[in-house]
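Colleague: no sequence for this one, just the structure:
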């Protein structure tokens, strides 16, 4: 029995790469949903039971940080772990994400092993 | 940091991103004088991204469309002919985004630099001589599939 994932990124190619890397990492995926924006992600989250969100930060209209704040501010969604993905890897940015409730942080570029490490660490908590 | 030092960090960032995500191992082009006198390239993708904060400026990336298609195929693990023009452009936009993000992380590991949104467009032609008129701001990499040119502008 795998997990239901939601990948949020305005870039279709990045969504495909993230999905591929999650699969290559050995993380058990039952279903992989995709959203091209924060708004689309919130709609999917209210209509589906999602176990884990992986979201880019640098997106137009609603940034990943804003999406994270909305998820954590909504009692019906706040328990969903959110992993932030970004080219921005500064300590300050990672702290901002952690303080808002992010469960993990992946800095692009990354390898499947790094994705696996973050997901496996989280999987214990999910289990 | 000097512009030359910054361009060296940009080269490190590009090597990491192209090697890790695009399976393309790059070498700096030793002499850009030959390129400056070379022909004008046609059908080029231009990726651009601005940033501000502790480090302020912009990067433009240029690569021939055919080479971009090869890079995109490597990135996505698909055959070149399977890729739409939109996917090729999206992959090049992401490459620009990742290179600039990594460059800023090398320049400023502690503090946040705000990235703009990456943009990509097709340019019918590119005059390398004009682009390389300020060689200290330019990085020319041989990515195997073709030459990739990065142009860094830092504001004081």
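Modeller: That came through, no problem. Fair warning: this is a prediction, and the values are worked out from it, not measured in the lab.
Colleague: you'd agree residue B:110 is up against residue A:94?
Modeller: No: the criterion here is Cβ atoms under 8 Å, and residue B:110 misses it with residue A:94 at 10.6 Å. Where you see a C-beta, it was placed from the backbone N, CA and C, and this is true even at glycine.
Colleague: Of these two, which one has the most company?
Modeller: residue A:94 (18 against 9; other Cβ atoms under 10 Å in any protein chain shown).
Colleague: ok, that one touching residue A:106?
Modeller: No: with contact defined as Cβ under 8 Å, residue A:94 does not count as touching residue A:106 (10.4 Å).
Colleague: Flag every residue of chain A that's near chain B.
Modeller: A:11-14, A:16-17, A:20, A:58, A:60, A:86-93, A:96, A:107-111 (Cβ under 8 Å from any Cβ of the partner chain).
Colleague: Where strands are concerned, which of these count?
Modeller: Among these, the members found in strands (DSSP state E) are A:86, A:107.
Colleague: what about burial for the residues of chain A next to chain B, which qualify?
Modeller: Those of these that meet the buried threshold are A:11-14, A:16-17, A:58, A:86-90, A:93, A:96, A:107-110, by 16 or more other Cβ atoms under 10 Å in any protein chain shown.
Colleague: Roughly how far does residue A:71 sit from residue B:80?
Modeller: Look at residue A:71 and residue B:80: by Cβ to Cβ, to the nearest Å, they are 38 Å apart.
Colleague: So between those two, which is more surrounded?
Modeller: Using other Cβ under 10 Å, the more surrounded residue of residue A:71 and residue B:80 is residue A:71, with 25 against 13.
Colleague: can I assume the more buried one sits in a helix?
Modeller: Yes: the assignment for residue A:71 by DSSP: H, G, I helix; E, B strand; the rest coil puts it in a helix.
Colleague: wait, doesn't it sit right on residue A:82?
Modeller: Yes: judged on Cβ under 8 Å, residue A:71 makes contact with residue A:82 at a distance of 5.9 Å.
Colleague: okay, and the common contacts of those two?
Modeller: A:53, A:101 (Cβ atoms under 8 Å, 6 or more residues apart in numbering or on different chains).
Colleague: where along chain B do the helices fall?
Modeller: If DSSP state H is used as the criterion, the helices of chain B fall at B:3-21, B:33-36, B:65-76, B:85-107, B:128-131.
Colleague: Having no further points to raise, I will conclude here.
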